[in-house]
Each structure stands twice: as structure tokens, then as C-alpha cells.
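Novice: Sequence first, predicted model second:
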Protein chains: 2
Amino acid sequence: MSWQPNRQSNMPLQQQIVQWVTAQVERGDWAAGTKLPTQRQLAMQFDVNRSTVQQALEELKAMGILEAKVGSGVYVTHNSWHALIQQTQPNWQTYIETSIYKPNYHTIQLINEYEQRDDVIRLGTGELAPSLLPIEEIEASLRELSFQPKTLSYSSPQGNDRLRAAICHYVQKRGIDAQPQHVCIVSGALQALQLIAVGLLEQGSIVFQEPTSYLNSVHPFQSVGMRMIGIQRNEQLTQTLAQRKRKKQAVFYAIPTLQNPTGDVWALQEKKQLYEACQASRIPIIEDDVYHELLFEEASPPIKAMDSSGQVLYIGSVSKTLSPGLRIGWLIGPTTVIERLADIKMQTDYGSSAISQEIVLNWLQSGKYENHLIGLRQRLQERADFTERILQEKFKTLANWNKPKGGFYIWLKFREPLVDKDFFMKLLQQQVLINPGYIYDPQDHHHIRLSYAYASYDELLEGLQILHKCVVETMIGRNKE
Amino acid sequence: MSWQPNRQSNMPLQQQIVQWVTAQVERGDWAAGTKLPTQRQLAMQFDVNRSTVQQALEELKAMGILEAKVGSGVYVTHNSWHALIQQTQPNWQTYIETSIYKPNYHTIQLINEYEQRDDVIRLGTGELAPSLLPIEEIEASLRELSFQPKTLSYSSPQGNDRLRAAICHYVQKRGIDAQPQHVCIVSGALQALQLIAVGLLEQGSIVFQEPTSYLNSVHPFQSVGMRMIGIQRNEQLTQTLAQRKRKKQAVFYAIPTLQNPTGDVWALQEKKQLYEACQASRIPIIEDDVYHELLFEEASPPIKAMDSSGQVLYIGSVSKTLSPGLRIGWLIGPTTVIERLADIKMQTDYGSSAISQEIVLNWLQSGKYENHLIGLRQRLQERADFTERILQEKFKTLANWNKPKGGFYIWLKFREPLVDKDFFMKLLQQQVLINPGYIYDPQDHHHIRLSYAYASYDELLEGLQILHKCVVETMIGRNKE
């Protein structure tokens, strides 16, 4: 809404506002049911008196385009179009509300929106800072690429053959024995989950996972009618899985290395326990392994390395290590499953970007990728240390946390359950964007996912100061009540 | 299946085959329910006597790993795993069969598979031949790219801002008035349809379209439980739309310029009629305009150019003109709708490849794109003329067709309804791949979609000769019956 009334025009400001609102509705930009900003906000935006806005809104209400709902605000009416010319515009809002896919949670929509702004300190972002991305080296690798004639055509269902072979070679070092026919290239790990959701699971399937999980903040599974069940990684796990009703299909989603958001690293014994429990109950495992390259110490083998029976679907990606903008990940599993999911991928987007695939191939084959990882881990370790020092200074009495073992995150637990939507909004008003714990576990109001990977050192310092102040104020407010 | 028995080994060949099959099942590559090739095929593949294969299969049946079904073949048993060690492997085949998404039709799976082979003449392919792609120029543009720090990070929900601005500028020439907030970058037109299917339509919605349509060969809408209704573009259209029951949501899908597969170009009057009919019935229109750049004569304005009420969702792409491997298209519509679909895109794949977006931006901004199109149209025209000359020579008494107005296709209609799966397979056995009409309209056995855009001149000549022979033989066979 960058529109401004024209003060040189002969048309009164009030009338200009009426015309502008009408145009928004007419073009479908403001659908039926859209809530308008407050009079105060509109007055500020248009730089006019509030009374001018008020008069314009009254006129629009009289025209039947807007309506006031008591105690709630002003809305575009459902028959605004009838009022305007005739009943022509599709009722987009109804289309949206009744459609199949759920919208992102509002907090996540706000995070997606504010992550685009340069004036915001991003304390929770799950990606590398631009300064940690090897931008010049990627530019240089573009200069090296030369394409075979078919490279720029539609890709084969499972993706670039040479890239799949290079991925097999790469995961071999992680103890995974795979052939190119076991690999499907995907546009990032999230797409792999999406394909599994629609290509392998029936409506009402059960998705087991840890109670606090990244998977609660996106919803490839919820949107297609599946049940998410949080399950602790302890002695009862085997028993709980064995008790499930066999009628419904089930799958276990796990991030055993640098769990998102908790940063946990499973012991080898825990991986083994999960594998055996799932094997006994014939439950497939989705092993999301996109952070393992960022472990500060040596990684133990993934569950997939134990998998002799084609029971684990393994997901890797370069989004957390090389560049999210490439949109390249991979899914490794039994041929039957991989062919099925590749077939769906062909129906979804006809494959991933050929050029992105060539770049990843170039980085894997040349050894540049693994070289880059060495330096990257070092810089992440420095950022982790810096951030922990600030936490030690400022948050020792307010919160707990574990020393990060790698990756991007510190799972910061406040002593009091103060992390709610208000807390999130309060920080956002001060230009500080956090990832609150409740997007990973709706019951959780103690945690935030603190990322040391994105903000600059100065921003980390400033952002944590603002966070500290906000925490203290919120605690004082809570104790007064 | 490139496995070969080891003739130097002490293990009998029969035993080696048993071990190899067991390993396939054990690893999950051959899931329960997988049908084995015939004994004859296996004997050829392994280069052993058929009796050796037979003995090995008998042993595997005795082990409970394989079972014969009378008159159907040999299958991996559902308790093969039980037989092997214990009941551990997830029953992938059941997972696949009961899941939400439909597989591609078998003919389309075969097309996807055979399009990857170099020894096949592709007479139906919907993409430019590698020789028509500006590969060297794209390589050169890679050398020009330099990225801003944030380019390689996660993208904003609607995609690269500068690319969206460039697209607005580009479609302006087509008479479309759009601002960047009306544009969402997608990974090709098919993804746009996918997003519309899940983000705007409820279960059971009606998708109107022409009876013969590309949309019948993919199924973004069918998979989410929508009804496809074919509707002729004639005087009754308005009435038919008006008669639909209002209870269910509906949408009209159209390719008014160079329809796929028929090659039809709608008259301006026909576009107007559809727009007004849909406006009267408040039905949104999806206008798929991915071929318009390939029209040999000047294009008339799209429906979107008439759209004053935000009723048309317009789809464009570079897949048919610049490179399918880039996976870049765009969707233009009212802000409310675009924001909704961008939100879902963020939940699906976190955006399209940043590098692909930069390349398209570079080509649009520099004018290289439009220059390329001039030469491309010329070369397609030459290919169309060449192909028509062969048709005139060989198919005049066997088939009808319209002179192509642009794009890739001639919608070749045989006098007799001979185009069925057998016909398709018979050609495939001779290394000729066609796109049969029945994948675009299940009732249609008269047409094939002939593409002059992919095969080389030699291949076109040879492929059409084989096609001719096959048509004549099939007709003789039919007339004998």
C-alpha cells in the first residue's frame, strides 16, 4: 500500500481514498472478507487527517462495499461486488477458506514476511548468513560449467544421472551403500517430505516424531490429513510403537543428527533402538540428515547405514551448507519407493532446476564441497562461542541451554513460560525476529530457537540485548499479575 | 538389471541367481507384489540357459520368496520377508497403493522413461530439441551473473523481486497490467496448477476445460479429488456454465493460444465469450499461455488483458521457449490469491531455484529473450513445413490435419480409430515414441500429437516412415477382423 493521495488534484482527498479502495476491491486485490487497517493506520499511511479517512470509509459503507463489525473492525463486504457493478468477481476468500491446503500459521507467515526485510535482526533464522555462503566460489563455478546438449531439457524423473552417481559416492563416506537407482533429486528436503506424504501414506496415517520438531512448523503431513504423534526417545519407545493399531499406516520422522530445533545429537545406541523398534513394528523411518555436515565433532553413522532391509528413507540437502537458493536435496530409498516418488515429482514440477543440479555436481565432484565445509564448521563454531559468551553474561539467571554441538541453533529455555504470541510481537515491534518454541511444539512457551548462523556479530549483540530487556519486562509484568 | 553371474566363481549359476534375487528382495528393491520378468527375459539378461533360470525360480518359490500366479507370472510374495529372516520390511507396495496421489498413466510413465533413451525417435515430445535451445548463450549468460549477497539465500515467498518486476514489464506488451505483488514465480506451469488445485479449490470442485486437453495427461486436479468436465467452445458454453450447480466451486482451464495438443488458436471473440460467460457465473479462469511466444503470426491479446475484475489467473513460462531445465514460470492474479499460493509454495519447496531465476531475469532484461524468440519461431516454421511436406506425401489418404499456426504440434487425425495402447506399444518396439490422443481424451482413438520440435529432420523422416507402415498394417489387421 504505497499509494498516496494526489494533493495537486482537484478531487477531494476523501474522494480519492474512496476511488482507491474501490479499485482495490474491483481488481480483486482486496477480496470479500478482507479486514481493513484501522482508521489511525490508514490516516498515517495516506498522510491525511483521521477525519478524512473516517468520512471516506462512511461513504464506502453506504455504497455497500465495506461493512463494520462491532468490536472487530471494518471489512470488505461479501456483496461488495454486487454493489459495485454486478456480481462478477469470484469470491476468492471463499475459495481460499474451503480449499484443501492449510495456510501457514500466522507466526510463520510473519517470519517469512519479516525475513525479507533488511531492517530486522533475525535471531532465529534457519539458514546461513549471506557472508557464510561461498558466493564468489559459486559464481566461479558457473563460469566452469559447460552443458551437454540434453542438460537444459526436461530431466529424467529421478534427476541428473551424474549427480545421482556423485551423491552415492558422497554418502558412501557416511556408511550408506546406495546405487543411482536408489536416489531421487528433490528441490530441498521439504519437497521430499511432501512427496512421501502424498505418494506413500494414506489419509489418516500416523506420523510419529519427537514431541518438539521442525515438522510441526511446516505441514506437509497435516495438510493431507495425517495424525502427528509426539513420542519421547526413551525406553518406552519400542513398546509405544508396538502398541499402535495396525490398521493405519505409520511412519517415523527423525532428525537424529543436530535435531531441529533442539540441537540434540542421538547416541548410536538410540539410533539402533529406533531402527529395531521400527523394524519390529514394520514402520518405515524418514531420516532427515540435512545438518550432519555441520557437526563440530565427528558424526556417528546415520540410521540408514544400519538399514539392510530398505526400511529407511534418507534425506540429504545442500540448503544448510552450500546455498538454500539452489533448492537441491536428495532422497535415498528402495527402488520401488524412489520410482514411485519420482513419478509424482514429474506430475508436480517436472524435476528440479537443471542448472542447480549441475552446480551441485560440480561442487561434489571437485571436492570443493567438502573443503568448503571445513571452513564453514570453523566459522559456525566461532559464532556459537560468541553467542554463548553473551548468553553467559546476560541470560545465566533467566535461561538454560546446552552447549551447541554444531549446526545453527541454541535451544534456549527460559525459566518462566513467557514465550507466547505477544512476546513474539513485542520483539517484532522492536525489529527483532525470533523463532518461538510454540511453532515446534504448540504446548511449549519456555523456549526460543536461537540461531547464531544468520545475524552478524553486531546484530547478535544488539538483538540479544533487546531480547534480554523484553524477557525482564515480561517477567516483571507476569509477576505483577 | 545389469547384473551378470560370475562364471569364474565356484558357486553354481543357479545359486548365484537365487542369491541375487534374494538380495533384491532383502534390500527392498523388489517389494512384495513385484512381478518378475519372464523366464525367457531373465535368461537373456543373465545370458544363461532358460533351464538354469527355471531351477533358480523353483528354489525361490520353495523358499517362499516368490510365488507363481496362474496365467499371470511370477511375483515376490507378500510374506517373502517372513521367509527370509523375519517380518521386518515395511510393505511398500501397500503403502504405495493406498496413498493419496495417483500414479501417472502407464502410457505416460513409458513416455517419461523412453524419453530418456537416446536410441528412440521422439515424434510427440513437448519440448524443443536440444539443438533449438540456446545452450551456448545460456552458458555465456552464466558468466555474466554476479549475485547480490541475499540471492543465494531462501527466496521471498513470491520469488525474486527484480524478476517479478521484469515479468510485469514483459507481459505489459501482451496487454496485461500487473504489479510485482500480482506475480508469483513458480517452478514451471505445472506447479502453478498444483498450487491452484490445493490452495484454491475444495474437494469435489469442478474443473471445466476443453474435452481434449493437456490437463487430462497430468493430474494436479484429479489427484486431489476434483471433477474434470470437458466442454465445447461454442454457443452452448455460456448456458452450460450457467446451469452448473452453485454448491460446488468451479474453475475454467483454457489454453487459448496454441492449445495443447490440438494447436488451436482461439479467436478474440471466443476469448471474450468465455470471459463473459465465466464472469456471469463467477467462475475463475486459469489461462495457460505458455505457447504464445511461438505463434508464427501476431498473437491477439490474452483473456487476462480483458480482466478488470481479478478473475483470471494467468500462467506463463520459459519452458517451451528458452529451457525446460530452468524450471521457471509465473502466475499472475489478484494479490489475495497470489499471497495465498505463495504461502503454499513456501510449504511445498521454499521457492524456485535462485540461479534459474537470475538467468531468466538476465534474459528478459537484456532483450536476449525476445531476440532468441525471433530466430526460434523461424526454425520451428521450417520444421513445421518440412513435416507437413512428409505428411502430404505419405498420409494424405490416411489422415487429416490443420496447418500448424505455431508451437510444436500437429494434431494428426487418422481416418480410422486405430490409436490404442497396442498401437503405441507396437511403435515403441520399433523405437518410435508417440504421444497418443487417448492420454489427452480417453475416448479418442483417432489422433496422435505429432511434434515437429524435437526429433531431427532425419528422425522425422524415418519416424514418419515407420509410423506410416504401422498405420497401414494396423488398418489391414482391422479390416481382416
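Specialist: Nice, I can see it.

Novice: Could you give the number of residues near the residue in the stretch 201-350 of chain A that chain B sits nearest to?
Specialist: Chain B sits closest to A:G310 of the stretch 201-350 of chain A, with a gap of 1.9 Å, by CB to the nearest CB. Just so you know, the C-beta spots here come from the backbone N, C-alpha and C atoms, and that holds for glycine as well. A count of neighbours around A:G310, defined by other CB atoms under 10 Å in any protein chain shown, yields 26.

Novice: And the helices in the stretch 151-300 of chain A, which stretches?
Specialist: For the stretch 151-300 of chain A, the helices defined by DSSP state H, counting those that start in this stretch cover A:161-172, A:189-200, A:236-243, A:268-281.

Novice: just checking, what packs against the third one?
Specialist: Contact partners of helix A:236-243 among helices and strands, from 3 or more CB pairs under 8 Å, 6 or more residues apart in numbering or on different chains; DSSP states H and E: helix A:268-281.

Novice: What does the pLDDT read for the closest residue to the residue of the stretch 201-350 of chain A closest to chain B other than its chain neighbours?
Specialist: Nearest residue to A:G310, sequence neighbours excluded (CB to CB, 6 or more residues apart in numbering or on different chains): B:G28, at 1.9 Å. With respect to pLDDT, B:G28 scores 74.

Novice: ok, B:G28 touching A:I332?
Specialist: No - here B:G28 does not reach A:I332: they are 11.5 Å apart, not a contact under CB atoms under 8 Å.

Novice: returning to that earlier point: and the helices of the stretch 151-300 of chain A, which one's lowest on average pLDDT?
Specialist: It's helix A:236-243: among the helices of the stretch 151-300 of chain A, that one has the lowest mean pLDDT, namely a mean of 82.

Novice: Chain B contacts on the stretch 201-350 of chain A?
Specialist: Counting by CB under 8 Å from any CB of the partner chain, the stretch 201-350 of chain A comes close to chain B at A:201-203, A:218-220, A:223-224, A:249, A:279-280, A:282-284, A:308-311, A:319, A:323-327, A:333-337, A:340, A:343-344, A:346-350.

Novice: what's around the closest residue to A:W266 other than its chain neighbours, how many residues?
Specialist: Among residues not flanking A:W266 along the chain, A:P256 sits closest, at 4.0 Å (CB to CB, 6+ apart). Close neighbours of A:P256, defined as other CB under 10 Å, add up to 26.

Novice: Contact partners for A:P256?
Specialist: A:P256 is in contact with A:265-266, A:270-271, A:274, A:287, A:289, A:302-303, counting by CB atoms under 8 Å, 6 or more residues apart in numbering or on different chains.

Novice: again, only this time at 10 Å
Specialist: A:210, A:233, A:264-268, A:270-271, A:274, A:285, A:287-289, A:291-292, A:299-300, A:302-304 (CB atoms under 10 Å, 6 or more residues apart in numbering or on different chains).

Novice: Give me the pLDDT value at it.
Specialist: You'll see A:P256 listed with a pLDDT of 97.

Novice: that older thread, wait, the residue of the stretch 201-350 of chain A closest to chain B sits on A:R282?
Specialist: No - under the criterion of CB atoms under 10 Å, A:G310 is not in contact with A:R282, lying 11.8 Å apart.

Novice: hang on, the residue of the stretch 201-350 of chain A closest to chain B in a helix?
Specialist: No - A:G310 is assigned coil when assessed by DSSP: H, G, I helix; E, B strand; the rest coil, not a helix.

Novice: what domains does the record give for chain A?
Specialist: Following automatic domain parsing, one finds the domains of chain A at A:13-98, A:106-126+A:371-480, A:134-366.

Novice: Please identify the deepest-packed of those.
Specialist: domain A:134-366 (a mean of 21; mean count of other CB atoms under 10 Å in any protein chain shown).

Novice: Between the two ends of stretch A:276-287, how far is it?
Specialist: For stretch A:276-287, the first-to-last residue distance is 14 Å (CA to CA, to the nearest Å).

Novice: oh sorry, the question was meant for stretch A:430-441
Specialist: 25 Å.

Novice: again with stretch A:142-152
Specialist: Stretch A:142-152 end-to-end distance (CA to CA) = 14 Å.

Novice: How about the stretch 351-481 of chain A: which residue is closest to chain B?
Specialist: Closest point on the stretch 351-481 of chain A to chain B, by CB to the nearest CB, is A:A354, at 2.9 Å.

Novice: ok, now which ones touch that residue?
Specialist: By CB under 10 Å, 6+ apart, the neighbours of A:A354 are A:147, A:150-155, A:159-160, A:163, B:323-327, B:353, B:356.

Novice: give me every residue that touches A:F147.
Specialist: A:354-355, A:358, B:130, B:133, B:135-136, B:138-139, B:142, B:323, B:325.

Novice: how about a cut-off of 8 Å?
Specialist: Residues near A:F147 by CB under 8 Å, 6+ apart: A:358, B:135, B:138-139.
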